[in-house]
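**Q** structural data only, the sequence is not supplied:
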């Protein structure tokens, strides 16, 4: 199958697989209307775009279903082609029968993301916007949803577009000089170019920086809870889980994939890492030599160091924190000491811990909100509506290449290299920026991107 | 919650739960349009029915999604009320957010089947048709689908309606006589009434008869495979499974619930019963004393008695069949002897078995089609498009009551009971027939029926 072939009409189930009250089957392509007409009880070609029609679908004499067919005519559709949506009763049998009928009548099954691919090919959206659709569908937290939505709406594309535009006009001017090379003119002001390159580099660098945040927003913040066996680690986990349940409205009919130890707090997903290796030992701090547990802890962005106040006098608490800080010693990690069982001790004995961690009672749910806020603060503000955050590893890799080629441009300017070489370096940056938004693509690239989409999108 | 209250506007996810490319959220009720308008970027009240509108859903300043909203205005909608369908990106986060927004703005979560209940309450369909929707959605075989579709399209209702009509006019005539009781007139011809009652009884009896078929069509035909350990039982099961796979087109994106040992052959579902108790014994036939295995076999509508020809001389085969028939001896069960490994023996040695069972090779897939046809034949022809088959236990119970009350009418006619008593008996039959189509309902009845629906339907 050549997935770039757009001469044919594709079909797929677009709603979640399995049985439901209603299922939606989508057809897109030149023959979407005529193929649907062959199995539907009413003519469609003469109907207006964006209208819905109730009728019957038959396979020969067998009545398959009573359905509602909605038309979205080219160009005012998601893909830019004619689209027909068939809302049928959601039995798997009916879904299969209708898809089989569509295929018999000339459609073919869409590959993963092929509707989105067509939207891209027909310039309904650029590549980074298209990629955001897949992110949007799999976003399970408010933060991940927000970032994907910003990208789908073209926020990222606009920024890349602005960077490209400035560089493009300079590249043209430099190339123009080449035509007058014997006259030794400079159409492109080198100082201005230097300023521009500096600006673009700053912007690219900021985007690269945002990937650290983008990555945890998209994939969840890895958190390790460490502490001695009775410090209350699992009690805390349960309490946080209930906190989530209280926040996330449990709406009948919707089903979140249950991922063990994943909790969404204040719109951010936290993945609690299994530090079993540590839990098993008698004394956490002393036994950190266990390499496996260490390795797990190193993966965490946030470490919750739980200390049982009923078991640990103040001076040992401070010592433990110090030891632990010394042992982990990773700038990218945030260590949050948690002083548990605060309601079982005389707080006057722990005056020295103030400001050095969070006093809580995991069991009696005291100060859990403070902890939740602190967890949220670890990833900082994920932004105003307008802020672009890079969440896509492909974009990150390309931006890295941009950065390198910008350094080349800068160096070229400093050493006053000839215009033709300079133009080549600028073009290289432009090439990379174009790879993000899809002005520059290869079949392989598109194939890789869309293979990760779900079918029906 | 009073589910018969139709003053409010209900909402639910109507597509299968979980993540998909697209999800469909449905709103039905007086305020469906105005509630949706509060969160959607475009006015809807002024739009025509059956039109689709692209726009944005916002929660305060947060953009939740870009969606397509389709309107189905009262009365031309499924429920007979204003319906708004929101097709959103299929992330669970978005589904939850939109439902939460709708609820915030005055809708409430629909109970199971509440959209269908409203369709019934607004006389868009009668009760048996409404019940058929749930059957249609869960139908996984062609036969089950066909029967449910016939019922949903009103086939069953029409038959019940015709029976009711005839009886109703007689009941009126008999009741009219009561007004003239002193004059001793007979408006209702007793002979005609007798004929009619006879007809209705025959029809009711035919419907009751059809339930046996209807039940296996809806719930699958229970099949037991019995035989000695090496007779090839699991090989046969695997071969049949492959047969199914070859028939059922495996269409990407649709997911059939995998039920162990359930196979759809020629449009009928067969449930293979676990007869482990038998499998474990050395000699099946001799050890049928094992009560547990017996009990399992008694549940089967079809018994496949597998005999290994390489191990059993002809006369023992005949003896086994005879013994087995004697031991099971259930008129409702069909025994199909299967002579396996036909390709490993000299068939000349088994001339006496011809016509007494099916020669196959489970391993080499010989004569499997013959077996499949024979299996299909056990449930007979499930009908022309027009045949009504009762699949619903509630309908069966009511028809049983109808039958009893018809006998009372007959007996009354024979013993020439007074018109007022006769009228009462006819009214009882009418009452029961009305319970099927829903002219007669109680809140409890409706509650029970719709509790078994899925949410969103």
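**A** In hand now; what should we look at? Nothing here was measured: the structure is a model prediction, and the numbers come from that model.

**Q** which element is the closest residue to residue A:193 other than its chain neighbours on?
**A** Using CB to CB, 6 or more residues apart in numbering or on different chains and skipping the chain neighbours, the partner closest in space to residue A:193 is residue A:170 (5.2 Å). Bear in mind the C-beta positions are built from the backbone N, C-alpha and C, glycine included. Residue A:170 is part of helix A:155-179 when elements are defined by DSSP states H and E.

**Q** where do the strands sit along the stretch 51-200 of chain A?
**A** A:51-59, A:62-72, A:83-89, A:108-109 (DSSP state E, counting those that start in this stretch).

**Q** now, of the ones you listed, which is deepest in the fold?
**A** strand A:83-89 (a mean of 25; mean count of other CB atoms under 10 Å in any protein chain shown).

**Q** is that strand positioned near chain B?
**A** Yes. Strand A:83-89 is in contact with chain B by CB under 8 Å from any CB of the partner chain, via A:85, A:87, A:89.

**Q** contact partners for the second one?
**A** When contacts are counted by CB atoms under 8 Å, 6 or more residues apart in numbering or on different chains, residue A:87 touches A:22-24, A:67-70, B:24, B:85.

**Q** dump the residues of strand A:83-89 next to chain B to a markdown table, plus pLDDT.
**A** Listed next are the residues of strand A:83-89 next to chain B as a markdown table, based on pLDDT from 0 to 100:
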| residue | pLDDT |
| --- | --- |
| A:85 | 98 |
| A:87 | 98 |
| A:89 | 97 |
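
**Q** what does stretch A:111-122 contact?
**A** A:1, A:3-4, A:6, A:10, A:12, A:14, A:26, A:28, A:75, A:78-81, A:125-127, A:130, A:133-134, A:438, A:446, A:449-457, B:21.

**Q** in helices, which of the residues you listed appear?
**A** In helices, defined here by DSSP state H, the members of the contacts of stretch A:111-122 are A:127, A:130, A:133-134, A:446, A:449-451.

**Q** and the contacts of stretch A:111-122, which are buried?
**A** Among the contacts of stretch A:111-122, those buried by neighbour count (16 or more other CB atoms under 10 Å in any protein chain shown) are A:3, A:6, A:10, A:12, A:14, A:26, A:28, A:78-81, A:125-127, A:130, A:133-134, A:438, A:446, A:449-450, A:453-457, B:21.

**Q** beta-bridge partners for residue A:366, please?
**A** Counting by DSSP bridges, residue A:366 is bridged to residue A:361.

**Q** so it touches residue A:342, yeah?
**A** Yes. Using CB atoms under 8 Å as the test, residue A:366 is close enough to residue A:342 to be in contact (6.5 Å).

**Q** so between those two, which is more surrounded?
**A** Taking neighbours as other CB atoms under 10 Å in any protein chain shown, residue A:366 and residue A:342 compare with residue A:342 leading, 20 against 16.

**Q** so how far is chain B from the closest residue to the more buried one other than its chain neighbours?
**A** Using CB to CB, 6+ apart and skipping the chain neighbours, the partner closest in space to residue A:342 is residue A:359 (4.2 Å). Per CB to the nearest CB, to the nearest Å, residue A:359 is found 33 Å from chain B.

**Q** what of residue A:297?
**A** From residue A:297 to chain B the distance is 30 Å (CB to the nearest CB).

**Q** SS state for that residue?
**A** When classified by DSSP: H, G, I helix; E, B strand; the rest coil, residue A:297 comes out as helix.

**Q** pretty sure residue A:303 is one of the things it touches, is it not?
**A** Yes. With contacts counted by CB under 8 Å, residue A:297 reaches residue A:303, the gap being 6.4 Å.

**Q** could you list the domains of chain A?
**A** Annotated domains of chain A cover A:10-125, A:133-215+A:392-438, A:226-379 [automatic domain parsing].

**Q** for residue A:343, grab the count of nearby residues.
**A** Count around residue A:343 with other CB under 10 Å applied: 14.

**Q** now for it: which residues touch it?
**A** Counting by CB under 8 Å, 6+ apart, residue A:343 has contacts A:361, A:364, A:366.

**Q** how much space between it and residue A:349?
**A** 13 Å (CB to CB, to the nearest Å).

**Q** C-terminal to the helix or strand containing residue A:217, what's the next element?
**A** Under the criterion of DSSP H and E, residue A:217 resides in helix A:190-219. Helices and strands here follow DSSP H and E; after helix A:190-219, the next one along the chain is strand A:221-227.

**Q** what's the angle from that next one to helix A:190-219?
**A** Orientation check (axes from the mean of the first three to the mean of the last three CA atoms, to 10 degrees): strand A:221-227 against helix A:190-219 gives 50 degrees.

**Q** what does strand A:221-227 rub up against?
**A** A:216, A:233, A:236-237, A:268-273, A:275, A:278, A:284, A:296-297, A:299-308, A:324, A:338, A:340, A:375, A:378-379.

**Q** and the residues you listed, which are buried?
**A** Buried, going by 16+ other CB under 10 Å: A:216, A:233, A:236-237, A:268-273, A:275, A:278, A:284, A:296-297, A:300-308, A:324, A:338, A:340, A:375, A:378-379, out of those.

**Q** how far away from the center of its chain is stretch A:408-417?
**A** 36 Å (CA atoms, centre = their mean, to the nearest Å).

**Q** contact partners of that stretch?
**A** Residues contacting stretch A:408-417 (CB under 8 Å, 6+ apart): A:190, A:193-194, A:197-198, A:201, A:421-422, A:425-426, A:428-429.

**Q** in TSV, list those along with pLDDT.
**A** Shown next, in TSV, are the contacts of stretch A:408-417 (pLDDT from 0 to 100):
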residue	pLDDT
A:190	85
A:193	88
A:194	91
A:197	93
A:198	94
A:201	94
A:421	90
A:422	90
A:425	92
A:426	93
A:428	94
A:429	94
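
**Q** want to try TSV for those, with neighbour count and distance to residue A:402 as columns?
**A** Formatted as TSV, the contacts of stretch A:408-417 follow (neighbours: other CB atoms under 10 Å in any protein chain shown; distance: CB to CB, whole Å):
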residue	neighbour count	distance to residue A:402
A:190	15	21
A:193	22	16
A:194	14	17
A:197	23	11
A:198	12	14
A:201	18	9
A:421	12	18
A:422	23	16
A:425	22	11
A:426	25	11
A:428	17	9
A:429	26	6
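
**Q** quick one: find the helix or strand in chain A with the lowest mean pLDDT.
**A** Lowest mean confidence among the helices and strands of chain A (mean pLDDT, DSSP states H and E): helix A:276-279, at a mean of 46.

**Q** tell me which residues in stretch A:393-403 are buried?
**A** A:394-396, A:398-399, A:401-403.

**Q** one more: stretch A:201-219?
**A** Here stretch A:201-219 shows A:201, A:203-204, A:207-208, A:210-211, A:213-218 as buried, counting by 16+ other CB under 10 Å.

**Q** which residues touch it?
**A** A:135, A:139, A:141, A:143-144, A:147, A:159, A:163, A:222, A:268-269, A:271, A:301, A:332, A:379-380, A:382, A:387-392, A:395-396, A:399-400, A:402-403, A:406-407, A:410.

**Q** chain center to that stretch: distance?
**A** That offset, for stretch A:201-219, works out to 12 Å (CA atoms, centre = their mean).

**Q** shaky segments in the stretch 301-450 of chain A?
**A** A:327-329, A:381-386 (pLDDT under 70).

**Q** with the stretch 101-250 of chain A instead?
**A** A:181, A:243-250.

**Q** can we see that at 80?
**A** A:179-188, A:228-229, A:242-250 (pLDDT under 80).

**Q** residue numbers of it in contact with chain B?
**A** A:103, A:109, A:115, A:133, A:136-142, A:144-146, A:149, A:152-153, A:248-249.

**Q** could you find the closest non-adjacent residue to residue A:186?
**A** residue A:177 (6.3 Å).

**Q** how near is the one you found to residue A:171?
**A** Residue A:177 is 11 Å from residue A:171, by CB to CB.
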